[in-house]
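Engineer: Quick one: sequence and predicted model below, then my questions.
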Protein chains: 2
Amino acid sequence: MKNDKVNRKIKYTKMVLKESFIRLLKSKDISRITITEICEEADINRATFYAHYKDQYDLLKQIEQELVDDINRYLANYSFHENGSESLQLMEQIFEYIKENSEVCSVLLSESGDKNFQREVLSIVQHQCITEWTRKNVNKDIAEYLYSYATNGSIGIIQRWLREGMDRSTMEMAELILKMTDQGLSAFV
Amino acid sequence: MKNDKVNRKIKYTKMVLKESFIRLLKSKDISRITITEICEEADINRATFYAHYKDQYDLLKQIEQELVDDINRYLANYSFHENGSESLQLMEQIFEYIKENSEVCSVLLSESGDKNFQREVLSIVQHQCITEWTRKNVNKDIAEYLYSYATNGSIGIIQRWLREGMDRSTMEMAELILKMTDQGLSAFV
DNA sequence: ATTATTTATGAACAAACTGTTGATTTTATA
DNA sequence: TATAAAATCAACAGTTTGTTCATAAATAAT
């Protein structure tokens, strides 16, 4: 086919641009990073950048989307045992994924990272939780608030874990998050 | 004294710059806001801006610091009854403050806002919690993680509350947060 | 009320980044 | 090898930045 081959060159260009960008993101905020800078670091012509991306923020968005897709593919490969601990297994797999891709994740999931993106990652798990919650008859009136609490809390834990150099096992972390969530929830059943 | 009077003009300059900046922050991300733009909106010479602030980020930092100071002053005026529900009262007062200053808070406490600043606001309360936690002999090993969870979760709830137009009473919100935190904690005592 | 001091203004500056264009060269594949 | 796609290069006007300095305005002190 045509497109597959055309993409070879494009793929290289996009790859080096992304790498250069992630490298820069480690040392400074996205707002301080110029397109000129990204291109110099990647040794790619600036006009070529504009052929693929609108600006830094567009580049970031594309990187994030690819990560979400990748996580979903990763989780799809994993078949869950139907023994009631699906949430735990799913959560552990997410921690596994983050660990395997800690370089990118440390940047994208950091505090300065895009919150909506982080929420999207977490929602992969929380979807599962929500159904469990409704099964448990959680007070629907405040369910939204509890959801905000749990999601943001979980992101906070992941961020700390990454900051601390992933000092605990993925299983330990998955258990920690689910324990907190379930317990906190139980006050409103 | 000298400085008190000199500040009259400076105070006005800083005030209009801040107002202009907050107004702009409502419609776009800080990274898209130019100093030129802030000055035009405030009708202040650009050279004057540089006399007071390094850039937009410096301006934001100063606004945040003033808010933290203001919250602390606000809380200092409030004398707490020593009946064991200090945390609840303190938390409610914070919600009260946010409500009274919802215009600025909606911007500064939003998702796009500075996370370190938000943590600082919350830490005013959490300090109190921490002492209660250690009294309860929470597993110190994971206390840090629980703290991350609780703080980020609480911020998430506040953000949702502001987004929803402060649809619930401050007391209700304070109770919600403390209930979640205490309950989640109880799994690790 | 007048003088002295502080602060704000306006204009000008080089430097950097932006976003776009069109002509040209490189690269991949058919 | 021919052809189509992609990357490069140079040039462009337009904007923002950060700084400087002379001048004007506002404020404080005498």
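Structural biologist: Sure, I can see it. Residues are numbered from 1 along each chain as shown, chains lettered A, B, ... in the order given.
Engineer: Mind picking out the helix or strand in chain A with the poorest mean pLDDT?
Structural biologist: Least confident helix or strand, chain A: helix A:115-135 with a mean of 74, by mean pLDDT, DSSP states H and E.
Engineer: For the residue most central in space within chain A, which residues are in contact?
Structural biologist: Centroid check for chain A by CA atoms, centre = their mean gives A:Val121 as the closest residue, at 4.6 Å. A:Val121 sits next to A:Leu67, A:Val68, A:Ile71, A:Ile94, A:Leu109 when contact means CB atoms under 8 Å, 6 or more residues apart in numbering or on different chains. For the C-beta atoms, the positions are set from N, CA and C on the backbone; glycine is no exception.
Engineer: From those, which land in helices?
Structural biologist: Taking DSSP state H, the ones among the contacts of A:Val121 that sit in helices are A:Leu67, A:Val68, A:Ile71, A:Ile94.
Engineer: now the residues you listed in TSV, with pLDDT, distance to chain B and neighbour count?
Structural biologist: Listed next are the ones in helices among the contacts of A:Val121 as TSV, based on pLDDT from 0 to 100; distance: CB to the nearest CB, whole Å; neighbours: other CB atoms under 10 Å in any protein chain shown:
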residue	pLDDT	distance to chain B	neighbour count
A:Leu67	90	19	19
A:Val68	87	18	15
A:Ile71	87	20	19
A:Ile94	90	16	23
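Engineer: Looking at these, spot the one nearest DNA strand D.
Structural biologist: Nearest to DNA strand D among the ones in helices among the contacts of A:Val121, counting by CB to the nearest atom of the strand, is A:Leu67 at 21.4 Å.
Engineer: From B:Asp70, how far off is that closest one?
Structural biologist: Distance, A:Leu67 to B:Asp70, by CB to CB, to the nearest Å: 39 Å.
Engineer: Give the other helices and strands that the helix or strand hosting A:Ile142 contacts.
Structural biologist: According to DSSP states H and E, A:Ile142 maps onto helix A:140-163. Applying 3 or more CB pairs under 8 Å, 6 or more residues apart in numbering or on different chains; DSSP states H and E, we find helix A:140-163 packed against helix A:86-100, helix A:102-108, helix A:115-135, helix A:170-186, helix B:140-163, helix B:170-186.
Engineer: can you tell me which of these the model trusts least?
Structural biologist: If the helices and strands packed on helix A:140-163 are sorted by mean pLDDT, helix A:115-135 sits at the bottom with a mean of 74.
Engineer: Tell me the residues on chain A that lie near chain B, please.
Structural biologist: Contact residues, chain A versus chain B (CB under 8 Å from any CB of the partner chain): A:30-31, A:111-112, A:115-116, A:142, A:144-146, A:148-157, A:159-161, A:176-177, A:179-184, A:186-188.
Engineer: and those, which are buried?
Structural biologist: For the residues of chain A next to chain B, a neighbour count by 16 or more other CB atoms under 10 Å in any protein chain shown gives the buried set as A:30-31, A:111, A:115, A:142, A:145-146, A:148-157, A:159-161, A:176-177, A:179-184, A:187-188.
Engineer: can you count the residues close to A:Arg163?
Structural biologist: The number of residues packed near A:Arg163 is 13, by other CB atoms under 10 Å in any protein chain shown.
Engineer: Can you give me the distance of it to DNA strand D?
Structural biologist: Counting by CB to the nearest atom of the strand, to the nearest Å, the separation of A:Arg163 from DNA strand D is 29 Å.
Engineer: Check chain A for its longest helix and report it.
Structural biologist: Counting residues, the longest helix found in chain A (DSSP H) is helix A:2-27.
Engineer: State whether A:Ala42 and A:Leu24 are indeed in contact, as I suppose.
Structural biologist: No. Using CB atoms under 8 Å, A:Ala42 makes no contact with A:Leu24, being 9.8 Å away.
Engineer: okay, now the domains of chain A?
Structural biologist: A:2-53, A:61-186 (automatic domain parsing).
Engineer: and DNA strand C, which of those is closest to it?
Structural biologist: Using CB to the nearest atom of the strand, those put domain A:2-53 closest to DNA strand C, at 2.4 Å.
Engineer: nearest residue to A:Val68 other than its sequence neighbours?
Structural biologist: In this structure, A:Val68 finds its nearest non-sequential neighbour in A:Glu120, 5.7 Å apart by CB to CB, 6 or more residues apart in numbering or on different chains.
Engineer: so the one you found makes contact with A:Asp69?
Structural biologist: No. A:Glu120 is beyond contact range of A:Asp69, at 10.8 Å (criterion: CB under 8 Å).
Engineer: Contacts only, for A:Lys99.
Structural biologist: By CB under 8 Å, 6+ apart, A:Lys99 lies in contact with A:Met166, A:Thr170.
Engineer: go on, A:Asp43?
Structural biologist: So A:Asp43 contacts A:Val16 (CB under 8 Å, 6+ apart).
Engineer: what kind of secondary structure is A:Asn137 in?
Structural biologist: coil (DSSP: H, G, I helix; E, B strand; the rest coil).
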